[in-house]
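Visitor: Okay, predicted coordinates and the sequence, questions at the end:
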Amino acid sequence: MSSVVDEVSSGPKPALGFLASPAARSLIGGLAAAAAWLAVAALITYWPDKPDSDWDYTDDLAALCGALAIALALAVFAGVWFAGLQRARRLAPWLVALALFLAAWEAVTAKLGWLPLPFFPPPQAILEVVIDDRARLGACIFASFRLLATGYFLGAAVGFVTGVAIGWSRLANYWIHPILRFIGPLPATAWLPLAFFIFPSSYSASIFLIALATGFPVTVLTWSGVAGVNSAYYDIARTLGASQRFLVLKVAIPAAMPHVFVGLFMGLGTSFAVLVVAEMLGVKAGLGWYLQWAQGWAAYANMYAAFVDHGPFVLWTDHAAVPPARPATVVAEGFGTMVVAAAPSERAYTVNNDPVRGTTLTIREVSHRFDLEGQPLPVLDRISLRIGRGEFVALLGPSGWGKSTLLRLVAGLDSPSAGSLLVEGEEIEGPDPSRVVVFQDPTLYPWRTVWSNVALGLEARGQLRTHRERIEDALRLVGLTGFANAYPHQLSGGMSQRAALARALVNDPKLLILDEPLGQLDSLTRITMQGELVSLWQRAGFSALLVTHDVEEALFLAGRVIVLSERPAHIKAEIVNTRPYPRHRGDPQLAELRHQVFAHLGLDATW
């Protein structure tokens, strides 16, 4: 009996499943659109025109609608076998709506005559103009396209360069910003008299006006995009050895491109308005001139035909100006460990077969303060510390106590207010690729693949061609070989941090600076990544300086734990952890060290 029930219950499921599939929706939507256009063809053919009307192209319009219906039906059935054509299902509702609009237009003009002529001609009158006056229309379309393209691309290019300059350079901002504030409130058409007076021809004046209408939104949006780039993007590139030119071309501009595309789209709309006005006033060719000529002869069908010819060009340029976004697909993480035992190529991770390749770091009496509304805010107070080659040291303390500030000083991103920092006896004067930072946020560039993100440092220093193999080695080391072509939005949190570690390791750093790199991960992923980080450090042999507010993480990873005091921070205690690796979280000696750390933090009463 149960088998009978199963057969009955499972019977209709395949049919329902097919109807819910994308192929079925494409089929139904496409057939509905084809049927709508076939109905329009029948309406035009079998419903006679209003008596005393003379529309020569009624049969041609019906044939055109019927041909479109047949083409839609063929495309729908072809889409059943070709997945790419199924995407056309998104157009099906618009095609149905357009068919209904054409049917209503035909009914109230050619069939019923409810709308007065010549102000409201029927569709076949528009078709007649397009066919009979095609030579003049084609010449005007070409003239408009040439004028619009010249002005639009000139304005977009100047606006883009100007926006980048304002967003990047304070000097350019100082001189150009007031000019933009003066020009901005005035529409481009307000400059018509001055443009026609200054420029030698109406054509060059029109180019200037279209360029002005395009350039202003492109300038403002590009400026906004460049000025709003995440500062961490610059910090990452600077620590990897990027030059100013690289920061502009490979960081600022790509990060600002969404704003640039919005500016291009806005400029396109304003440029069309200026195009038509300019052609009406001075240019002797183009669709604007055609509209004015048709209006003078009361040839409203010709005017509507010019508007119809604008449509495909507007749709094409709209599609070209604003590219589609990638889907936000997320790849499941999985807790696979890094492939540290697989013995990858040693090219990037050994020097003269010496497993300890780190550097020495000396911090001497370093103090630092910030200016807060004109008042000094002390953050660090006479900190002295030395880290040996291959040593793993953790800075521990609650948030806001100056740990990340000290790391920025070590990375060379900021300069101390007092004291000095030395690497191998030489004072730190700026970022250097031998000292690489891994931030709390992975800070992967969203416009680059995982492979390109990992290659950032080599590309910035011009070493990508000669050291490409390092990228594969680094990806293999962190277990991301299969995700080289993925984008950051397709990675989970743990995988993103692995990519950030690979980006650091590919540069063969002597000192790895870790600014709470695991702070945003869930507890299970964090535990896994802690073990993998130790394995990376043991294999690569670099020195490591970790900032964390997690006591257990500091004791699990580091050989020395530096406990900082409240702001202005100074070294409150130094805990030496001699437990061998791999360490176990249940180790009673680690528990005793943890109790000591909490005591220095004033939290031993609750432990």
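Guide: Arrived safely.

Visitor: can you map out the helices along the stretch 151-300 of the chain?
Guide: 170-183, 192-198, 202-227, 231-239, 244-246, 253-281, 287-296, 300-321 (DSSP state H, counting those that start in this stretch).

Visitor: quick one, the fourth one and helix 253-281 angle?
Guide: It stands for helix 231-239. 120 degrees (axes from the mean of the first three to the mean of the last three CA atoms, to 10 degrees).

Visitor: Need the contact partners of helix 231-239.
Guide: Applying CB atoms under 8 Å, 6 or more residues apart in numbering, the contact partners of helix 231-239 are 246-247, 250-252, 255, 411-413, 430-433, 435-437, 439, 441, 443, 445, 456, 460, 503, 513. (Each C-beta comes from the backbone N, C-alpha and C, glycine too.)

Visitor: just the buried members of those?
Guide: The neighbour count (16 or more other CB atoms under 10 Å) marks 246-247, 250-252, 255, 411-413, 431-433, 435-437, 439, 441, 443, 445, 456, 460, 503, 513 as buried among the contacts of helix 231-239.

Visitor: Filter the residues you listed down to just the ones in helices.
Guide: Of the positions in those, 246, 255, 411, 456, 460, 503 sit in helices, assigned by DSSP state H.

Visitor: mind giving me the domain ranges of the chain?
Guide: Domain assignment for the chain by automatic domain parsing gives 13-115, 133-321, 361-447+504-606.

Visitor: Export these as TSV, with columns for distance to Val478 and mean pLDDT.
Guide: Listed next are those as TSV, based on distance: least, CB to CB, whole Å; pLDDT from 0 to 100:
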stretch	distance to Val478	mean pLDDT
domain 13-115	35	79
domain 133-321	17	81
domain 361-447+504-606	8	87
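
Visitor: export the ones you listed to CSV and tack on distance to Gln497?
Guide: Converted to CSV, those look like this (distance: least, CB to CB, whole Å):
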stretch, distance to Gln497
domain 13-115, 35
domain 133-321, 14
domain 361-447+504-606, 5
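
Visitor: among those, which is nearest Arg468?
Guide: Arg468 lies closest, by CB to CB, to one member of these: domain 361-447+504-606, at 10.1 Å.

Visitor: Can you list the buried residues in stretch 39-57?
Guide: 40-41, 43-44, 49, 53, 55, 57.

Visitor: So which of those residues sit within helices?
Guide: Reading helices off these with DSSP H, I get 40-41, 43-44.

Visitor: Phe370: what's its closest spatial neighbour, skipping adjacent residues?
Guide: Leaving aside its sequence neighbours, Phe370 sits nearest to Leu377 (CB to CB, 6 or more residues apart in numbering; 4.6 Å).

Visitor: hang on, that neighbour is in a strand, isn't it?
Guide: Yes - under DSSP: H, G, I helix; E, B strand; the rest coil, Leu377 falls within a strand.

Visitor: Let me see the contact set for it.
Guide: Leu377 touches 369-371, counting by CB under 8 Å, 6+ apart.

Visitor: Show only the entries of these found in strands.
Guide: Among the contacts of Leu377, the residues falling in strands (DSSP state E) are 369-371.

Visitor: in terms of contact, does Thr449 touch Leu491 like I think?
Guide: No - counting by CB atoms under 8 Å, Thr449 stays clear of Leu491, with 10.6 Å between them.

Visitor: what's the neighbour count on Ala190?
Guide: 12 (other CB atoms under 10 Å).

Visitor: Would you quantify the distance from it to Ala213?
Guide: 11 Å (CB to CB, to the nearest Å).

Visitor: Quick check on Thr449 and Leu491: which one has the bigger neighbour count.
Guide: Neighbours were counted for Thr449 and for Leu491 using other CB under 10 Å; Leu491 has more, 21 against 18.

Visitor: Is that one in contact with Val450, as I believe?
Guide: Yes - under the criterion of CB under 8 Å, Leu491 makes contact with Val450 at 7.2 Å.

Visitor: residues shared between the contacts of these two?
Guide: In contact with both Leu491 and Val450: 444, 483, 499, using CB under 8 Å, 6+ apart.

Visitor: does Thr466 count as helix, strand or coil?
Guide: Three-state call for Thr466 (three-state DSSP): coil.

Visitor: quick one, phi psi at it?
Guide: Thr466 adopts backbone torsions of phi -90, psi -10, taken as degrees, to the nearest 10.

Visitor: Which pLDDT value belongs to it?
Guide: Note for Thr466: predicted pLDDT of 90.

Visitor: Share the number of residues neighbouring it, please.
Guide: 9.

Visitor: Who are the contact partners of it?
Guide: Thr466 neighbours (CB under 8 Å, 6+ apart): none.

Visitor: Distance check, it against Ala242.
Guide: Counting by CB to CB, the gap from Thr466 to Ala242 is 18 Å.

Visitor: Quick one: classify Leu521 as helix, strand or coil.
Guide: Per three-state DSSP, Leu521 ends up coil.

Visitor: quick one: it and His467, what's the gap?
Guide: According to CB to CB, Leu521 stands 30 Å off from His467.

Visitor: ok, now Leu117?
Guide: Counting by CB to CB, the gap from Leu117 to His467 is 75 Å.

Visitor: out of these two, which sits in the busier spot?
Guide: Each of Leu117 and His467 has its neighbours counted (other CB under 10 Å); His467 has more, 18 against 13.

Visitor: Quick one: residues contacting the residue lying closest to that one once chain neighbours are set aside.
Guide: Nearest non-adjacent residue to His467, counting by CB to CB, 6+ apart: Leu458, 5.4 Å away. For Leu458, the contacting residues are 464, 467-468, 470-471, 506-507, by CB under 8 Å, 6+ apart.

Visitor: Taking those residues, tell me the two that lie furthest apart.
Guide: Top of the distance list for the contacts of Leu458 (CB to CB): Arg468 and Asn507, 13.6 Å.

Visitor: buried ones in stretch 587-598?
Guide: Buried-residue list, stretch 587-598, by 16+ other CB under 10 Å: 590, 593-594, 596-598.

Visitor: could you dump those to a markdown table with secondary structure?
Guide: Below are the buried residues of stretch 587-598 laid out as a markdown table (three-state DSSP):
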| residue | secondary structure |
| --- | --- |
| Leu590 | helix |
| Leu593 | helix |
| Arg594 | helix |
| Gln596 | helix |
| Val597 | helix |
| Phe598 | helix |
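
Visitor: Just put these in JSON lines and tack on distance to Ala103.
Guide: Output for the buried residues of stretch 587-598, formatted as JSON lines (distance: CB to CB, whole Å):
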{"residue": "Leu590", "distance to Ala103": "80"}
{"residue": "Leu593", "distance to Ala103": "82"}
{"residue": "Arg594", "distance to Ala103": "79"}
{"residue": "Gln596", "distance to Ala103": "85"}
{"residue": "Val597", "distance to Ala103": "79"}
{"residue": "Phe598", "distance to Ala103": "79"}
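
Visitor: ok, those vs Ala540, which is closest?
Guide: Checking the buried residues of stretch 587-598 against Ala540 with CB to CB, the nearest one is Leu590 at 24.2 Å.

Visitor: From Leu557, how far out is that closest one?
Guide: According to CB to CB, Leu590 stands 11 Å off from Leu557.

Visitor: Spell out the residue ranges of the helices in the stretch 1-150 of the chain.
Guide: Using DSSP H, counting those that start in this stretch, helices in the stretch 1-150 of the chain cover 2-10, 13-19, 22-46, 58-81, 92-106, 123-132, 134-168.
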